[in-house]
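Undergrad: requesting a structural model of the entry that follows:
(one chain, ligands or ions: 1)
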Amino acid sequence: MLGLMQDWPLLIHRVIDHAASQFGVQEVVSRSIEGPTHRTTYSAVRARALKVAQRLARDGIREGDRVATLAWNTWRHLESWYGITGIGAVYHTVNPRLFPEQIAWIVNHAADRVVMTDLTFVPLLEALADKLPTVERYVVFTDAAHMPATKLKNAVAYEDWLDETDGDFRWASIDERSAAGLCYTSGTTGHPKGVLYSHRSNVLHSMSLCNPDGLALASRGVILPVVPLFHANSWSIAFSAPMMGSKLVMPGMKLDGASLYQMMEEEKVTMAAGVPTVWLMLLQYMEKEKKRLSTVKRMVIGGSACPRAMIVAFERDHGIEVFHAWGMTEMSPVGSFGAVKAQFADLTGEALYDLKMKQGFAMFGVDMKITDDSGKRLPWDGKTFGRLKVSGFAVTRGYYGLEDQNILDDEGFFDTGDVATIDAAGYMQITDRSKDVIKSGGEWISSIDLENLAVGHPDVAEAAVIGVAHPRWDERPLLIVVAKEGRPVDRDSVLKFMEGKIAKWWMPDDVQVVGEIPHTATGKINKLRLREDFRDYHFPGA
Ligand code: AMP
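TA: Residues are numbered from 1 along each chain as shown. Next up is the predicted model:
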């Protein structure tokens, strides 16, 4: 017997409809690409998203068509997502930090019909346009006054393009399982792979994530997503903030410590979310300028392992609660969240930081398991590590254009490519990416653990560990560090600092000090590049 509840499809437009009707006056504040701070409301975002939808429909864009966005976090980018999905088309977020050839590859693979972009990226697109045959039109997120002269096909200023509509439009009525968003994985090897979110998966994932043991969004909160909309589906914030009516503060293209600090203070931000490298810049800025954040209460850090030193700096020195989150593009993207469960409510000091170092427990809608290489489940004892596999309503079951490849195991779980432990309380801790773990004498050494420890050294700004071939042990860890500004660091002091804090055989065989550690387009340490850079390196005496 079926239930008698209404069939209310989980469509993305319902989110912005709700925001406009319940939190219509709530602000969306952006640092515009043109310069000045721009202020709008959820009600206006909805009204303009309807115009985007109407205009796209008039331009012949149909359900299932892909519309690329190559843009920073601003109100216009937000409106475009709702407008695109509002006609059943698919927003395809393109990461501008990818190599130009990769951008061309994914735009062609997605067969994007329209590219919506910021002024910043017009030159990049002009250089690529000849290689993008599927693109029929470029919409530049600006007004007529700032529109540059460009040869881009059918280029138009977004404001002019919108002005030709009246917004009298109805959202498309489509199946909630329809595709809504497309985001390609950063693909360090081989071609990027497209993850295709649905309306339903986006709505459910956002609902699950905004609860109190997650992003804890509320209409009285002010959230600043440093995480770009082009990274892993914006960690859901483009949906979850309007869903809960939080004030949304969009930093545009200025992601340096000083600019973020200024925006957080001016807009009274209570919660911010981003990758560790961004927070490193902010912490360094605050340390140098002797500044403190006066309104921020929660910091959500994920995308890469959050170093202990960062958790301690925010919590102890700034009184900001840190939440360590884990996920991946294939998971919409958040899979676990580092809230403190009731049974650990009394933890303080180092014991609390130990817990916060873990990547948290699975949120509702995510099933997790760790297995050995044969697929056998491993125990949740906090020690045994294995391949981390997941299933859930917002976990991918295939890649766009590769639908015939079965990427799930017999139980329907997706292999994340991460190696992890899970403890008896359900807290998961990433040991490493399976391809980054260091295999020494048949045992595994976690590069993440070593990096976390090394950045605790007072003179180390950033650390990376890679495995380097060793004649006896197969591989041994090489630690690569960047010194803090004006604080020279030497090998021996780093090794001395680490001694006694880890098993002896985990100690790096050498330390190299470099000016900069390379990062991927999503802000992670680029281990592939590092391994190439150190290809000819040999351990002293090995
Ligand atoms: P992406 O799809 O680009 O977001 O990358 C996903 C990968 O980033 C995961 O599979 C992890 O290897 C890594 N990752 C994400 N969050 C964390 C975290 N909190 N700690 C360690 N690794 C993380």
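
Undergrad: please, where are all the strands along the stretch 301-450 of the chain?
TA: 321-327, 334-337, 361-362, 366-371, 386-392, 414-422, 428-433, 438-440, 443-445 (DSSP state E, counting those that start in this stretch).

Undergrad: gap between residue 230 and residue 156?
TA: Computed with C-beta to C-beta, to the nearest Å, the distance linking residue 230 and residue 156 is 22 Å. Every residue, glycine included, has its C-beta placed from N, CA and C.

Undergrad: and the two? Which one has more around it.
TA: For residue 230 versus residue 156, the count of surrounding residues by other C-beta atoms under 10 Å is larger for residue 230: 25 against 18.

Undergrad: now the phi/psi pair for the more buried one, please.
TA: Dihedral angles of residue 230 (phi, psi; degrees, to the nearest 10) stand at phi -90, psi 0.

Undergrad: flag every residue of the stretch 251-400 of the chain that's near the ligand.
TA: In this structure, the stretch 251-400 of the chain approaches the ligand at residues 302-305, 324-329, 333, 359, judged by C-beta under 6 Å from any ligand atom.

Undergrad: now swap in the chain and tell me
TA: Where proximity means C-beta under 6 Å from any ligand atom, the interface of the chain facing the ligand comprises 185-186, 232, 302-305, 324-329, 333, 359, 416-418, 430, 433, 522.

Undergrad: switch the cut-off to 5 Å
TA: Within reach of the ligand by C-beta under 5 Å from any ligand atom, the chain has these residues: 186, 232, 302-303, 305, 326, 328-329, 359, 418, 430, 433, 522.

Undergrad: how about TSV for those residues, with pLDDT and neighbour count added?
TA: Below are the residues of the chain next to the ligand laid out as TSV (pLDDT from 0 to 100; neighbours: other C-beta atoms under 10 Å):
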residue	pLDDT	neighbour count
186	71	20
232	92	26
302	95	27
303	93	23
305	92	25
326	97	27
328	96	21
329	96	22
359	98	24
418	95	24
430	95	22
433	88	16
522	84	20
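
Undergrad: dump the residues you listed to CSV, plus distance to residue 168.
TA: Output for these, formatted as CSV (distance: C-beta to C-beta, whole Å):
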residue, distance to residue 168
186, 41
232, 35
302, 41
303, 41
305, 50
326, 44
328, 40
329, 36
359, 47
418, 48
430, 50
433, 50
522, 39
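
Undergrad: in its sheet, what does the lowest-mean-pLDDT helix or strand in the chain sit against?
TA: Every helix and strand of the chain was ranked by mean pLDDT, DSSP states H and E. The lowest is strand 443-445, at a mean of 86. Pairing partners of strand 443-445, with direction, according to DSSP bridges: strand 438-440 (antiparallel).

Undergrad: list of residues touching the partner strand?
TA: With contacts defined as C-beta atoms under 8 Å, 6 or more residues apart in numbering, strand 438-440 is touched by 444-447, 465-467, 470, 473-477, 505.

Undergrad: swap in 6 Å and give it another go.
TA: When contacts are defined by C-beta atoms under 6 Å, 6 or more residues apart in numbering, strand 438-440 is touched by residues 445, 447, 467, 473-477.

Undergrad: do you have the helices of the stretch 251-400 of the chain handy? List them.
TA: 257-266, 276-289, 308-312, 318, 349-357 (DSSP state H, counting those that start in this stretch).

Undergrad: in the stretch 101-250 of the chain, what residue is nearest the ligand?
TA: Using C-beta to the nearest ligand atom, the single residue of the stretch 101-250 of the chain nearest to the ligand is residue 232, 4.3 Å away.

Undergrad: excluding its backbone neighbours, what's nearest that residue?
TA: residue 333 (3.7 Å; C-beta to C-beta, 6 or more residues apart in numbering).

Undergrad: and the one you found, what are its phi and psi?
TA: Backbone torsions for residue 333, taken as degrees, to the nearest 10, come to phi -120, psi 0.

Undergrad: right, and it touches residue 327 too?
TA: Yes - proximity of residue 333 to residue 327 meets the contact threshold set by C-beta atoms under 6 Å, at 4.0 Å.

Undergrad: still on that earlier bit, and for the residue nearest to residue 232, the neighbour number?
TA: Close neighbours of residue 333, defined as other C-beta under 10 Å, add up to 26.

Undergrad: again, but for residue 507
TA: Counted with other C-beta under 10 Å, the neighbours of residue 507 add up to 17.

Undergrad: mind checking pLDDT for the closest residue in space to it that isn't next to it in sequence?
TA: Residue nearest to residue 507 in three dimensions, not counting chain neighbours: residue 498, with 6.4 Å by C-beta to C-beta, 6+ apart. pLDDT, the model's per-residue confidence, is 95 for residue 498.

Undergrad: per-residue pLDDT, the residue nearest to residue 232?
TA: The per-residue pLDDT of residue 333 was computed as 97.

Undergrad: do the same with residue 540
TA: The predicted structure lists residue 540 with a pLDDT of 86.

Undergrad: before we move on, back to that, the residue of the stretch 101-250 of the chain closest to the ligand against residue 334, yeah?
TA: No - distance between residue 232 and residue 334: 8.6 Å, which falls outside the contact criterion (C-beta under 6 Å).

Undergrad: ok, back up a step: just give me the closest of the contacts of strand 438-440 to the ligand.
TA: Top of the list for closeness to the ligand, among those and by C-beta to the nearest ligand atom, is residue 447 at 10.7 Å.

Undergrad: burial measure for residue 516, as a count.
TA: Counted by other C-beta under 10 Å, the residues lying close to residue 516 total 8.

Undergrad: before we move on, back to that, out of the strands of the stretch 301-450 of the chain, which is the most enclosed?
TA: For the strands of the stretch 301-450 of the chain, ranked by mean neighbour count under the definition mean count of other C-beta atoms under 10 Å, the leader is strand 334-337 at a mean of 28.

Undergrad: ok but residue 477 is inside a helix, no?
TA: No - assignment of residue 477 by DSSP: H, G, I helix; E, B strand; the rest coil gives strand, placing it outside any helix.

Undergrad: pLDDT wise, what is it at?
TA: Residue 477 is assigned 96 on the pLDDT scale.

Undergrad: before we move on, what about residue 188?
TA: Residue-level pLDDT assigned to residue 188 equals 59.

Undergrad: can you tell me which two in the residues of the chain next to the ligand are farthest apart?
TA: When the residues of the chain next to the ligand are compared pair by pair using C-beta to C-beta, the farthest-apart members prove to be 186 and 359, with a separation of 18.8 Å.

Undergrad: now do residue 64 against residue 293, distance only.
TA: Here the distance between residue 64 and residue 293 works out to 44 Å (C-beta to C-beta).

Undergrad: these two: which has the busier surroundings?
TA: Set residue 64 next to residue 293 and count neighbours by other C-beta under 10 Å: residue 293 wins out with 19 against 11.

Undergrad: report the contact partners of the residue nearest to residue 232.
TA: Counting by C-beta under 6 Å, 6+ apart, residue 333 makes contact with 232-233, 327.

Undergrad: which among the helices of the stretch 251-400 of the chain is found nearest to residue 243?
TA: Closest approach to residue 243 among the helices of the stretch 251-400 of the chain (C-beta to C-beta): helix 257-266, 22.2 Å.

Undergrad: which parts of that closest one are buried?
TA: 257, 259-261, 263-264 (16 or more other C-beta atoms under 10 Å).

Undergrad: do the same with stretch 481-498
TA: When neighbours are counted by 16+ other C-beta under 10 Å, the buried residues of stretch 481-498 are found to be 481-484, 489, 494-495, 497-498.

Undergrad: among these, which are in strands?
TA: 481-483 (DSSP state E).

Undergrad: what number of residues lie near the nearest residue to residue 222 once chain neighbours are set aside?
TA: Computed as C-beta to C-beta, 6+ apart, the closest residue to residue 222 that is not its neighbour in sequence is residue 247, at 4.3 Å. A count of nearby residues for residue 247, using other C-beta under 10 Å, gives 22.

Undergrad: the helix or strand hosting residue 249 - contacts with which helices or strands?
TA: Of the helices and strands defined by DSSP states H and E, residue 249 is found in strand 247-250. Taking 3 or more C-beta pairs under 6 Å, 6 or more residues apart in numbering; DSSP states H and E as contact, the helices and strands that strand 247-250 lies on are strand 27-31.
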